[in-house]
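>>> dropping the sequence and predicted coords here.
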Amino acid sequence: MRKLIRFQYRGRAAASRGIHFFRPVTPAGAGEPLVLRASVAGAPQQVAVFVSRSGSDFVPVPMRQAGPGRYEAEVPVPESDKALKYFIEATDTSGNRAVHPAEVRRKPLPVDISNDHAAPEVQIETPQQAMPGRDFQVTARVTGASGIQSVRLRYRRLTQFEDYRSVEMTRRRNGGTCQARIPGDFIVPQWDLIYFIEAIDKHGNGRIYPDLEVEAPYVVVSVRR
(Lines give C-alpha, C1' and ligand atoms only; values in the text may rest on other atoms or scores of the structure.)
Protein backbone atom coordinates (compact mmCIF):
# COMPACT_ATOMS: atom_id res chain seq x y z
CA MET A 1 0.00 0.00 0.00
CA ARG A 2 1.32 3.44 -0.88
CA LYS A 3 1.55 5.97 1.93
CA LEU A 4 0.56 9.51 1.04
CA ILE A 5 2.11 12.66 2.43
CA ARG A 6 -0.04 15.72 1.95
CA PHE A 7 1.39 19.22 1.92
CA GLN A 8 -1.03 21.43 3.78
CA TYR A 9 0.73 24.34 5.39
CA ARG A 10 1.33 27.46 3.31
CA GLY A 11 5.04 28.38 3.20
CA ARG A 12 6.96 31.38 1.91
CA ALA A 13 9.06 31.11 -1.22
CA ALA A 14 12.78 31.46 -0.71
CA ALA A 15 13.64 33.18 -3.99
CA SER A 16 10.45 33.59 -5.99
CA ARG A 17 7.21 35.05 -4.65
CA GLY A 18 5.31 32.83 -7.12
CA ILE A 19 6.43 29.52 -5.61
CA HIS A 20 4.78 28.08 -2.50
CA PHE A 21 5.04 24.73 -0.77
CA PHE A 22 2.80 22.84 1.58
CA ARG A 23 4.02 20.86 4.56
CA PRO A 24 3.53 17.12 5.22
CA VAL A 25 2.27 15.60 8.45
CA THR A 26 2.00 11.85 7.66
CA PRO A 27 4.73 9.20 8.16
CA ALA A 28 5.77 6.44 5.79
CA GLY A 29 5.33 2.72 6.39
CA ALA A 30 8.32 0.37 6.28
CA GLY A 31 8.62 -1.17 2.82
CA GLU A 32 5.88 1.04 1.36
CA PRO A 33 6.49 3.55 -1.45
CA LEU A 34 6.21 7.09 -0.13
CA VAL A 35 4.20 9.52 -2.26
CA LEU A 36 5.18 13.15 -1.76
CA ARG A 37 2.87 15.85 -3.05
CA ALA A 38 3.47 19.60 -3.30
CA SER A 39 1.48 22.59 -4.51
CA VAL A 40 3.64 25.06 -6.42
CA ALA A 41 2.26 28.40 -7.58
CA GLY A 42 3.66 30.32 -10.52
CA ALA A 43 5.40 28.76 -13.52
CA PRO A 44 8.01 26.27 -12.26
CA GLN A 45 10.26 24.77 -14.88
CA GLN A 46 11.48 21.97 -12.64
CA VAL A 47 10.42 20.57 -9.26
CA ALA A 48 12.37 17.90 -7.36
CA VAL A 49 12.50 16.35 -3.90
CA PHE A 50 15.94 15.68 -2.39
CA VAL A 51 15.99 12.64 -0.08
CA SER A 52 18.56 11.55 2.54
CA ARG A 53 18.47 8.11 4.20
CA SER A 54 20.33 7.42 7.46
CA GLY A 55 22.51 10.50 7.15
CA SER A 56 23.54 9.87 3.54
CA ASP A 57 23.89 12.61 0.92
CA PHE A 58 20.69 14.07 -0.47
CA VAL A 59 19.66 12.47 -3.77
CA PRO A 60 17.24 14.29 -6.13
CA VAL A 61 14.01 12.63 -7.26
CA PRO A 62 12.10 14.52 -10.02
CA MET A 63 8.49 15.45 -9.23
CA ARG A 64 6.02 15.10 -12.08
CA GLN A 65 3.11 17.46 -12.68
CA ALA A 66 -0.11 15.81 -11.49
CA GLY A 67 -2.44 18.73 -12.22
CA PRO A 68 -2.53 22.52 -12.30
CA GLY A 69 0.03 23.64 -9.74
CA ARG A 70 0.31 20.14 -8.25
CA TYR A 71 3.42 17.93 -8.31
CA GLU A 72 4.20 14.50 -6.90
CA ALA A 73 6.98 11.93 -6.64
CA GLU A 74 7.11 8.34 -5.39
CA VAL A 75 10.08 7.50 -3.16
CA PRO A 76 10.89 3.84 -2.37
CA VAL A 77 11.21 3.07 1.35
CA PRO A 78 13.21 -0.15 2.00
CA GLU A 79 12.32 -2.30 5.00
CA SER A 80 15.67 -1.41 6.56
CA ASP A 81 14.95 2.34 6.63
CA LYS A 82 14.06 3.75 10.04
CA ALA A 83 13.74 7.42 9.03
CA LEU A 84 14.52 9.78 6.21
CA LYS A 85 14.81 13.51 5.63
CA TYR A 86 14.05 15.60 2.58
CA PHE A 87 13.56 19.03 1.11
CA ILE A 88 11.87 20.28 -2.05
CA GLU A 89 13.39 22.57 -4.65
CA ALA A 90 11.67 24.38 -7.53
CA THR A 91 13.06 26.53 -10.33
CA ASP A 92 10.71 28.78 -12.30
CA THR A 93 10.93 29.88 -15.93
CA SER A 94 12.77 33.07 -14.96
CA GLY A 95 15.53 31.10 -13.27
CA ASN A 96 14.39 31.88 -9.71
CA ARG A 97 15.06 29.08 -7.24
CA ALA A 98 13.05 28.28 -4.12
CA VAL A 99 13.48 25.59 -1.48
CA HIS A 100 11.27 24.30 1.31
CA PRO A 101 12.01 24.47 4.15
CA ALA A 102 13.96 27.71 3.81
CA GLU A 103 16.45 26.59 6.49
CA VAL A 104 17.11 23.40 4.58
CA ARG A 105 20.74 22.99 5.69
CA ARG A 106 19.77 22.93 9.38
CA LYS A 107 16.20 21.68 9.27
CA PRO A 108 15.29 19.36 6.40
CA LEU A 109 11.85 17.79 6.82
CA PRO A 110 11.91 14.45 8.71
CA VAL A 111 9.73 11.44 7.89
CA ASP A 112 9.18 8.80 10.56
CA ILE A 113 9.10 5.20 9.31
CA SER A 114 6.38 3.44 11.26
CA ASN A 115 3.67 0.82 10.78
CA ASP A 116 1.35 2.88 12.96
CA HIS A 117 -0.74 4.81 10.43
CA ALA A 118 -3.69 5.86 12.61
CA ALA A 119 -3.91 9.65 12.44
CA PRO A 120 -5.48 11.68 15.26
CA GLU A 121 -9.20 12.36 15.17
CA VAL A 122 -10.23 16.01 15.07
CA GLN A 123 -13.64 17.53 15.77
CA ILE A 124 -14.16 21.30 15.57
CA GLU A 125 -16.90 23.12 17.40
CA THR A 126 -19.27 25.03 15.11
CA PRO A 127 -17.73 28.50 14.78
CA GLN A 128 -19.66 31.60 15.81
CA GLN A 129 -19.44 35.00 14.14
CA ALA A 130 -16.25 36.92 14.87
CA MET A 131 -16.22 40.51 16.07
CA PRO A 132 -13.68 43.06 14.80
CA GLY A 133 -11.11 43.91 17.47
CA ARG A 134 -12.08 41.00 19.76
CA ASP A 135 -10.17 37.76 20.22
CA PHE A 136 -11.83 34.80 18.50
CA GLN A 137 -11.54 31.44 20.25
CA VAL A 138 -11.23 28.19 18.27
CA THR A 139 -12.05 24.99 20.17
CA ALA A 140 -11.45 21.44 18.93
CA ARG A 141 -11.43 17.93 20.35
CA VAL A 142 -8.29 16.03 19.30
CA THR A 143 -7.70 12.40 20.26
CA GLY A 144 -5.28 9.66 19.22
CA ALA A 145 -4.33 6.18 20.44
CA SER A 146 -0.60 7.04 20.31
CA GLY A 147 -1.00 10.28 22.26
CA ILE A 148 -0.86 13.78 20.83
CA GLN A 149 2.46 15.49 20.11
CA SER A 150 1.22 18.84 18.81
CA VAL A 151 -1.89 20.69 17.69
CA ARG A 152 -1.60 23.91 15.70
CA LEU A 153 -4.14 26.43 14.49
CA ARG A 154 -3.39 27.91 11.05
CA TYR A 155 -5.38 31.01 10.18
CA ARG A 156 -5.53 34.00 7.85
CA ARG A 157 -7.96 36.50 6.44
CA LEU A 158 -10.08 35.47 3.45
CA THR A 159 -7.72 37.02 0.90
CA GLN A 160 -5.18 35.38 -1.40
CA PHE A 161 -2.55 37.97 -0.51
CA GLU A 162 -1.76 36.55 2.93
CA ASP A 163 0.07 33.48 4.17
CA TYR A 164 -1.33 31.44 7.03
CA ARG A 165 -0.27 32.38 10.54
CA SER A 166 0.32 29.69 13.14
CA VAL A 167 -0.30 29.31 16.86
CA GLU A 168 0.02 26.30 19.16
CA MET A 169 -3.28 25.17 20.63
CA THR A 170 -3.46 24.70 24.41
CA ARG A 171 -4.41 21.13 25.36
CA ARG A 172 -6.23 20.09 28.50
CA ARG A 173 -4.85 17.05 30.28
CA ASN A 174 -8.06 15.07 29.98
CA GLY A 175 -10.73 14.91 27.31
CA GLY A 176 -8.70 16.02 24.30
CA THR A 177 -10.05 19.60 24.23
CA CYS A 178 -7.71 22.09 22.53
CA GLN A 179 -8.10 25.85 22.33
CA ALA A 180 -6.40 28.81 20.68
CA ARG A 181 -7.29 32.42 20.03
CA ILE A 182 -7.05 34.52 16.90
CA PRO A 183 -6.03 37.94 18.28
CA GLY A 184 -8.56 40.73 18.06
CA ASP A 185 -6.17 43.16 16.41
CA PHE A 186 -5.96 40.73 13.47
CA ILE A 187 -9.75 40.70 12.95
CA VAL A 188 -11.03 43.54 10.75
CA PRO A 189 -14.48 44.09 9.19
CA GLN A 190 -13.12 44.09 5.63
CA TRP A 191 -12.28 40.37 5.63
CA ASP A 192 -13.82 37.14 6.93
CA LEU A 193 -11.47 34.58 8.52
CA ILE A 194 -10.44 31.09 7.46
CA TYR A 195 -8.55 28.49 9.46
CA PHE A 196 -7.64 24.82 9.70
CA ILE A 197 -6.10 22.60 12.38
CA GLU A 198 -2.98 20.44 12.12
CA ALA A 199 -2.70 17.58 14.63
CA ILE A 200 0.28 15.21 14.96
CA ASP A 201 0.56 12.21 17.28
CA LYS A 202 3.69 10.88 19.01
CA HIS A 203 4.46 8.51 16.12
CA GLY A 204 4.35 11.33 13.58
CA ASN A 205 0.92 10.48 12.17
CA GLY A 206 -0.86 13.67 11.26
CA ARG A 207 -4.19 15.01 10.16
CA ILE A 208 -5.29 18.29 8.64
CA TYR A 209 -8.87 19.19 9.44
CA PRO A 210 -10.94 19.87 7.45
CA ASP A 211 -9.55 17.18 5.10
CA LEU A 212 -8.70 18.42 1.59
CA GLU A 213 -9.74 15.07 0.07
CA VAL A 214 -13.20 15.27 1.62
CA GLU A 215 -14.18 18.95 1.67
CA ALA A 216 -12.84 22.47 1.48
CA PRO A 217 -9.60 22.40 3.52
CA TYR A 218 -10.54 25.27 5.82
CA VAL A 219 -13.32 26.65 8.02
CA VAL A 220 -14.79 30.04 7.11
CA VAL A 221 -15.75 32.40 9.93
CA SER A 222 -17.83 35.43 9.06
CA VAL A 223 -16.83 38.76 10.61
CA ARG A 224 -19.55 41.18 11.66
CA ARG A 225 -19.64 44.34 9.57
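Nice, thanks for sending it over.
>>> where in the protein is pLDDT low?
Counting by pLDDT under 70, the chain contains low-confidence residues at 1-30, 104-105, 115.
>>> next one: phi and psi at residue 185?
When read as degrees, to the nearest 10, the backbone of residue 185 gives phi -70, psi -10.
>>> next up, the contacts around it.
residue 133 (Cβ atoms under 8 Å, 6 or more residues apart in numbering). In this view, the C-beta of every residue, glycine as well, is placed from N, C-alpha and C.
>>> state the distance from it to residue 197.
Going from residue 185 to residue 197 by Cβ to Cβ, to the nearest Å gives 22 Å.
>>> what's the helix or strand for residue 106?
Counting by DSSP states H and E, no helix or strand carries residue 106.
>>> what about it, distance to residue 85?
Distance, residue 106 to residue 85, by Cβ to Cβ: 11 Å.
>>> of the two, who's got more company?
Using other Cβ atoms under 10 Å as the criterion, residue 106 and residue 85 rank with residue 85 on top: 18 against 6.
>>> contact partners for residue 155?
Taking Cβ under 8 Å, 6+ apart, one finds 138, 164, 165, 167, 182, 193, 194, 195 in contact with residue 155.
>>> residue 129 versus residue 189, what's the distance?
Distance check for residue 189 against residue 129: by Cβ to Cβ, it reads 12 Å.
>>> need the residues touching each of those two.
223, 224.
>>> where's residue 162 relative to residue 217, distance?
Residue 162 is 16 Å from residue 217, where distance means Cβ to Cβ.
>>> compute the number of surrounding residues for the residue nearest to residue 197 when sequence neighbours are not counted.
Take residue 197 and drop its neighbours on the chain: the residue closest to it by Cβ to Cβ, 6 or more residues apart in numbering is residue 209, 5.0 Å away. Residues lying near residue 209 (other Cβ under 10 Å) number 23.
>>> separation between residue 209 and residue 217?
Distance, residue 209 to residue 217, by Cβ to Cβ: 9 Å.
>>> spit out the residues that contact the two alike.
Counting by Cβ under 8 Å, 6+ apart, the shared contacts of residue 209 and residue 217 are residue 196.
>>> quick one: contacts for residue 138?
The contact partners of residue 138, by Cβ under 8 Å, 6+ apart, come to 124, 125, 127, 153, 155, 169, 179, 180, 181, 182, 195, 197.
>>> mind redoing it with 7 Å?
The contact partners of residue 138, taken as Cβ atoms under 7 Å, 6 or more residues apart in numbering, are 153, 179, 180, 182, 195.
>>> and the furthest pair within these?
Maximum pairwise distance in the contacts of residue 138, criterion Cβ to Cβ, is 12.8 Å, between 179 and 195.
>>> of those two, which one has the most company?
Per other Cβ under 10 Å, whichever of residue 179 and residue 195 has more neighbours is residue 195, with 22 against 15.
>>> please name the nearest non-neighbouring residue to the more buried one.
residue 155 (3.8 Å).
>>> show me the beta-bridge partners of that neighbour.
Beta bridges link residue 155 to residue 165, residue 195, judged by DSSP bridges.
>>> kindly provide the distance from it to residue 197.
Distance of residue 155 to residue 197, computed by Cβ to Cβ: 10 Å.
>>> distance from the chain centre to stretch 173-192, please.
Chain-centre distance of stretch 173-192: 19 Å, with Cα atoms, centre = their mean, to the nearest Å.
>>> and that stretch, how far apart are its ends?
32 Å (Cα to Cα, to the nearest Å).
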